[in-house]
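*Asks:* what would the 3D arrangement of this be:
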Amino acid sequence: MLTGVIDLVSRAGLILADDPVPEDNDVVAGPWGAIIFVALILATVFLMFSFVKQLRKAQAAKDAGLFGDEPVSEDPTAAHPGSDDPGSDDPAEDRGPVA
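*Replies:* Here you go, the predicted model:
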């Protein structure tokens, strides 16, 4: 039995020792490497566009006041309640003099 194990180990050693090391110029990625490289680039571009889309959705939700902030008004001149704007909250005063 021991001779069988020794024979097996010696054959494995001969097979491993007989395996030549390829030259540096002989090792290339090949077509599968190019396909995987292009797929990784496409996946990165897709993830970047998706990330920008999610950021826009989050900004729109923030502007709508969904996160507990005050909603952003459409009119940039409109005063927010509680702001330091000296303007009046009475709509009758905003109309001006009646002629």
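
*Asks:* which residues sit against stretch 31-43?
*Replies:* residue 29 (Cβ atoms under 8 Å, 6 or more residues apart in numbering). C-beta here means a position set from N, CA and C on the backbone, and glycine is covered the same way.

*Asks:* tell me how far it is from the chain's mean position?
*Replies:* From the chain centre to the centre of stretch 31-43 is a distance of 18 Å (Cα atoms, centre = their mean, to the nearest Å).

*Asks:* ditto for stretch 20-36
*Replies:* With Cα atoms, centre = their mean, you get 31 Å for stretch 20-36.

*Asks:* ends of it, what's the gap?
*Replies:* End-to-end distance for stretch 20-36, by Cα to Cα, to the nearest Å: 28 Å.

*Asks:* so for it, mean pLDDT?
*Replies:* The average pLDDT within stretch 20-36 is 87.

*Asks:* what does stretch 46-65 give?
*Replies:* 96.

*Asks:* so how far is that stretch from its chain's centroid?
*Replies:* 11 Å.

*Asks:* using PDB, write out every CA atom in it.
*Replies:* These are the backbone C-alpha positions of stretch 46-65, laid out as PDB (Å, rounded to 0.1, in the frame of the first residue of the first chain):
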ATOM      1  CA  PHE A  46     -25.700  52.100 -15.800                       C
ATOM      2  CA  LEU A  47     -25.000  52.400 -12.100                       C
ATOM      3  CA  MET A  48     -23.900  56.000 -12.500                       C
ATOM      4  CA  PHE A  49     -27.100  57.000 -14.400                       C
ATOM      5  CA  SER A  50     -29.200  55.100 -11.800                       C
ATOM      6  CA  PHE A  51     -27.400  57.000  -9.000                       C
ATOM      7  CA  VAL A  52     -28.100  60.400 -10.600                       C
ATOM      8  CA  LYS A  53     -31.700  59.500 -11.000                       C
ATOM      9  CA  GLN A  54     -32.100  58.500  -7.400                       C
ATOM     10  CA  LEU A  55     -30.400  61.700  -6.300                       C
ATOM     11  CA  ARG A  56     -32.800  63.700  -8.400                       C
ATOM     12  CA  LYS A  57     -35.800  61.900  -6.800                       C
ATOM     13  CA  ALA A  58     -34.400  62.500  -3.300                       C
ATOM     14  CA  GLN A  59     -33.900  66.200  -4.000                       C
ATOM     15  CA  ALA A  60     -37.500  66.400  -5.400                       C
ATOM     16  CA  ALA A  61     -38.800  64.700  -2.200                       C
ATOM     17  CA  LYS A  62     -36.800  67.100  -0.100                       C
ATOM     18  CA  ASP A  63     -38.100  70.100  -2.000                       C
ATOM     19  CA  ALA A  64     -41.700  68.800  -1.500                       C
ATOM     20  CA  GLY A  65     -41.100  68.600   2.300                       C
END
